[in-house]
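> Predicted model, plus sequence, below.
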Amino acid sequence: MRAKPSRVVLLLAAFVAGLGLCLGAIFVATGLAPGPVAGTAAIGGPFHLVDQNGKPFTDRDMQGKPYLVFFGYTHCPDVCPTTLFEMSQLFRKLGPQADRIGALFITVDPARDTTAVLKEYMTSFDPHLRGLTGDPKAVDAAIRDYRVYAKKVPLEGGNYEMDHTAIVYLMDKDGHFVAPFDMRRSADAEAAQLQKYL
Ligand SMILES: [Cu+2]
């Protein structure tokens with residue numbers, strides 16, 4: 001285990017800066033303050049992936065449910081397992097409402113994260129959490145559409161880690177990006193926010 005909080009903070013800062021630039025561009029282009037639709041349209045979108053059971057899974061499968069999206073990879077030493085563990089606590093807190101809310105873990109490492117690897121990995125977490133992988137091109141498209149940063153970092157011995165954006169995205173029932181979802185709160189506070197989007 002090797003902690004890299006500074007890296008995560010940097011990635012978060014890069015994302016926020018990118019979002020700021022993006023909103024700024026919209027502001028300049030339209031001459032209007034960005035509204036909720038104009039400002040959020042650039043994050044997320046249709047995707048065509050495969051879940052941990054090998055079934056095709058697209059954004060349409062989430063229609064009618066608010067959902068969380070988190071990008072990562074199963075070999076991640078710290079950030080991913082921690083985030084998925086916290087998400088599992090949140091889903092336990094939601095009780096029966098958890099069935100009306102989704103959570104997607106999309107791999108940034110489809111070469112290693114096959115459906116079989118994801119299936120085994122996801123057994124460690126709440127069953128409402130769904131692991132998604134797929135054709136590398138389809139995964140790349142999702143990474144791009146969510147403006148995720150993901151980069152291979154070679155390790156000694158031929159292995160590698162992935163540096164990646166560690167943001168949890170909150171999407172509404174229509175699949176529109178709402179805001180980054182703050183996982184540093186209590187599960188109660190997180191659940192209260194999600195319930196507003198049911
Ligand atoms: Cu990770």
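Structure's in. What do you need?
> Output the lowest mean pLDDT helix or strand found in the protein.
Across the helices and strands of the chain, mean confidence by mean pLDDT, DSSP states H and E is lowest for helix 5-30: a mean of 43.
> now the residue positioned nearest the centre of the chain, what's its secondary structure?
In the chain, the C-alpha closest to the average C-alpha coordinate belongs to F70, at a distance of 1.8 Å (Cα atoms, centre = their mean). Under DSSP: H, G, I helix; E, B strand; the rest coil, the three-state class of F70 is strand.
> which residue sits closest to it, ignoring its sequence neighbours?
The shortest distance from F70 to any non-neighbouring residue, by Cβ to Cβ, 6 or more residues apart in numbering, is to V168 (4.9 Å). C-beta: built from backbone N, CA, C; applies to glycine.
> Return the residues of the chain in contact with the ion.
By the rule Cβ under 5 Å from the ion, the part of the chain lying against the ion is G72, C76, V79, C80.
> what is the first one paired to in the beta sheet?
When bridges are called by DSSP bridges, G72 pairs up with T107.
> Quick one: residues contacting it.
V79, C80, T83, L84, F105, I106, T107, V108, M162, H164, A166 (Cβ atoms under 8 Å, 6 or more residues apart in numbering).
> Which among those residues count as buried?
If you count burial by 16 or more other Cβ atoms under 10 Å, the buried members of the contacts of G72 come out as V79, C80, T83, L84, F105, I106, T107, V108, M162, H164, A166.
> Sort out for me which of the residues you listed are in strands.
F105, I106, T107, M162, H164 (DSSP state E).
> Go through those residues and say which is closest to L90.
Proximity of these to L90 (Cβ to Cβ) peaks at F105, which lies at 13.4 Å.
> What residues does that closest one make contact with?
Listed by Cβ under 8 Å, 6+ apart, the contact set of F105 reads F70, F71, G72, C80, L84, L118, M122, L129, R130, G131, L132.
> Now for D140, how many residues are close by?
Around D140 sit 14 other residues, with neighbours defined as other Cβ atoms under 10 Å.
> thinking again about what came up before, next, format the contacts of F105 as a markdown table and append pLDDT.
Conversion of those to a markdown table gives the following (pLDDT from 0 to 100):
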| residue | pLDDT |
| --- | --- |
| F70 | 98 |
| F71 | 98 |
| G72 | 98 |
| C80 | 98 |
| L84 | 98 |
| L118 | 98 |
| M122 | 98 |
| L129 | 98 |
| R130 | 98 |
| G131 | 98 |
| L132 | 98 |
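> How far does whichever helix or strand R130 is part of sit from its chain's centre?
R130 is part of strand 129-133, with elements assigned from DSSP states H and E. Averaging C-alpha positions (Cα atoms, centre = their mean, to the nearest Å) puts strand 129-133 10 Å from its chain's average.
> Also stretch 59-70?
Here stretch 59-70 shows a centroid-to-chain-centroid distance of 11 Å under the convention Cα atoms, centre = their mean.
> Same check on stretch 99-114?
How far stretch 99-114 lies from its chain's middle: 8 Å, per Cα atoms, centre = their mean.
> Buried ones in that stretch, by neighbour count?
Within stretch 99-114, the residues that qualify as buried by neighbour count (16+ other Cβ under 10 Å) are 100-110, 113-114.
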